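[1] From the sequence below, what's the structure:
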Amino acid sequence: MNSTNPFRKWLNFWFAPVDPTTLGFIRLVTGFAVLYVHLAYCFDLQAFFGPNGWYGLDYVNRERNESPLHIGDFWGEGAWQETLRGARVPEYPHRRAAVMKWIRGLPSDRTKLEPALAYVDRLGQLNNQVASQGGLAYVAMLSGDPDVRKKQLGDMIHYKPDATKTISGPDVQQFMTNLPEEGPNSRTALAAEIETFFQSLPAVQEDRQYVIFHLIELGPVGRTSFLQFLRDLTTVTAEERAQRIDYLDYWGSEERFAYRLGSPIFSLWYHITDPTGMAVAHGVILVIMFLFAIGFCTRVTSILTWLAAISYIHRTQQVLFGMDTMMNILLIYLMIGNSGAALSVDRLIARYRAARNSLARTGTIDPVTQQFLDRPPESVSAGLALRLLQVHFCFIYMAAGLSKLKGDAWWNTMAYWDTLVNPEFTLIHYHWYEYLVRQMVQSRPVFAIASALGVGFTFVAELGLPFLVWTRLRPYIIIMGFLLHAGVAVFMGLWIFSLLMMTMLLGYIPGCCIRERLFGSVASTKVGYRFNRQSPGQVRSAAWAQALDFDNQLEFSAAADVRVVANGQETAGSPAARSLLRNLSWTKSLACLLFVPVLGGLIARNLVSVEPATHEPQEMAKS
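    Numbering: from 1, shown residues only. This next block holds a predicted model:
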């Protein structure tokens, strides 16, 4: 297939091999941000994730095992409706408590329950929502005093259009006046139904009104389901009745109509609850996250880091924030792609092994090895991970922009004002910042222009990036994205969230650009490294020196033992190690480690081996 084939273009879009340097740089930033976030948990580990923390383990276990998932119809009129089948109770705790108290007080015998529900049944048979609501409102306005209520119902029974009420009470509804005064289906029978229903309601007026208002809010379909739930309670055992009522009280809906109960989620903190065990586990996780950040055994530590991160997220979802979501997204893609192929300890080890093999064979770095050392091999998995990240980021921005278009706050620019003065996030508690904001709002034109520019910039960045980032305007729209999140960090205080969003934007930058900025300097000093390739120890030392030479400063030559030539001086032993570290561009800051007891000796022995050779160097033997 040629390159113009649409299928080939589609495959190349997703699976083209790319320089993994970009993914490696994203791993560095994300890894240390993740490590910082979880280090902060050290101070409140028990409060966040302990069994008796802010959200106790008993509640979490009940949520992950019992929480109902309801789905609507896939076909038909209700396909796009968020339908909730079965009985429902109010969300507000004080209202729910009143309704549940009423439910628990209803008779468990069907023959005794029916008279209490007869009036609500009658209202449902009217097939008139307005009349049903009026009938329930009528009950809500009745007096709690039996004598007064009897007179109020008497006025309804003996209703005459021109008659005067004997006592103040609710207005008689139209459907009531349509009934005769006496008979099986009369206002007298209706009054008896109302009285029986009223007697079943809570004695406290406020609670009684909460129950009635809930029945009104349910609507005809909801009331039918609610009444069916009450009737079904009479067909089960006392234990099953208590279990159903308890589930409705806790979750606000019926268990039997849920599509699924619980959530298949994992968290280490569901199983480790002992404070000592939690501290040890947290410490191990921090070590794993550090190893992932520096890129050691990345294929393993990336998976372990992701599992650890979601353990914290799943344990206390009540504190879940946008930062956690972005962190999870980045960790998933860093797990998919080979994020340790560049800018990592894994890459350093790979450089060492390649250099060791070449130096052992030829005494120098052959062209094939040099090409491997100059840049990491292109990776299909890195390309796939970066492309997924890029497309995902486009969807994030598009969703954010479209959601802003739906709100009046962004059209009238009040969202800009809320961003500037929100006391929870912004700098408004600083006097200088408050002074600048006050000065700005004193002039209506200045505030209008600033608000319009702020809102317009946000819309252009969020709605424009998903389209413009695939064109020649990519550098400019990426800069806009960076500026947008820099503003979010400064004006809203969301530093880690903004850092992670900027890290996602790095996915659009080619790896060669990052590598040129990091390793693009031309070294002014060449460093000679003399060793005997007949000595395995000296070859290993030369290989480690080459692995640390990212700017190609080293020049290898033969000698009986390891010597370092820099600035016209030849040194051996520990001074040679010190000279090597001080003259290589990327290791100057590491030279101080040579003065650390034990560690300094270990570094010196690995960089400048004193192991004798089994044979004299070939070049010296010929001479």
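[2] When you work out contacts or count neighbours from here on, use the C-alpha atoms and nothing else.
    Fine.
[3] From the contact counts, what lies against the helix or strand harbouring Leu28?
    Using DSSP states H and E, Leu28 maps to helix 21-40. Where contact means 3 or more CA pairs under 8 Å, 6 or more residues apart in numbering; DSSP states H and E, helix 21-40 is packed against helix 275-294, helix 322-336, helix 495-505, helix 511-519.
[4] Tabulate these in a markdown table, adding columns for distance to Leu402.
    Formatted as a markdown table, the helices and strands packed on helix 21-40 follow (distance: least, CA to CA, whole Å):
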| stretch | distance to Leu402 |
| --- | --- |
| helix 275-294 | 35 |
| helix 322-336 | 17 |
| helix 495-505 | 18 |
| helix 511-519 | 31 |
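[5] so which of the ones you listed gets nearest Arg122?
    Taking CA to CA, helix 322-336 is the member of these nearest to Arg122, at 49.8 Å.
[6] Downstream of that closest one, the next helix or strand is which one?
    Later in the chain than helix 322-336, the nearest helix or strand by DSSP H and E is helix 345-362.
[7] Next SSE downstream of that next one?
    Downstream of helix 345-362 (by DSSP H and E), the next one is helix 367-374.
[8] That next one packs against which elements?
    Counting by 3+ CA pairs under 8 Å, 6+ apart, helix 367-374 packs on helix 345-362.
[9] still on that earlier bit, what's the least confident stretch among the helices and strands packed on helix 21-40?
    With a mean of 85, helix 511-519 has the lowest mean pLDDT of those.
[10] before we move on, the earlier item: quick one, the helix holding Leu28 and helix 275-294 angle?
    Interaxial angle, helix 21-40 versus helix 275-294 (axes from the mean of the first three to the mean of the last three CA atoms, to 10 degrees): 160 degrees.
[11] Could you export the helices and strands packed on helix 21-40 as TSV, including distance to Arg244 and mean neighbour count?
    TSV is the format used below for the helices and strands packed on helix 21-40 (distance: least, CA to CA, whole Å; neighbours: other CA atoms under 10 Å):
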stretch	distance to Arg244	mean neighbour count
helix 275-294	36	18
helix 322-336	35	20
helix 495-505	42	21
helix 511-519	59	14
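[12] Which one, of those, ends up nearest to Tyr476?
    Of all those, it is helix 495-505 that lies closest to Tyr476, at 12.0 Å by CA to CA.
[13] helices or strands up against the closest one?
    When contacts are defined as 3+ CA pairs under 8 Å, 6+ apart, helix 495-505 packs onto helix 21-40, helix 322-336, helix 380-405, helix 474-492.
[14] could these be laid out in a markdown table, adding distance to Leu304?
    Below are those laid out as a markdown table (distance: least, CA to CA, whole Å):
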| stretch | distance to Leu304 |
| --- | --- |
| helix 21-40 | 12 |
| helix 322-336 | 9 |
| helix 380-405 | 18 |
| helix 474-492 | 29 |
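[15] on that earlier part again, what is the mean pLDDT for the helix holding Leu28?
    On average, helix 21-40 scores 95.
[16] and the next element down the chain from that helix?
    helix 45-49.
[17] Quick one: mean pLDDT for that following helix?
    Helix 45-49 comes out at a mean pLDDT of 90.
[18] so after it, what's the next helix or strand?
    helix 57-66.
[19] show me the contacts for Ala116.
    Glu193, Thr196, Phe197, Ser200 (CA atoms under 8 Å, 6 or more residues apart in numbering).
[20] now Leu388
    Leu388 makes contact with Trp14, Tyr333 under the criterion CA under 8 Å, 6+ apart.
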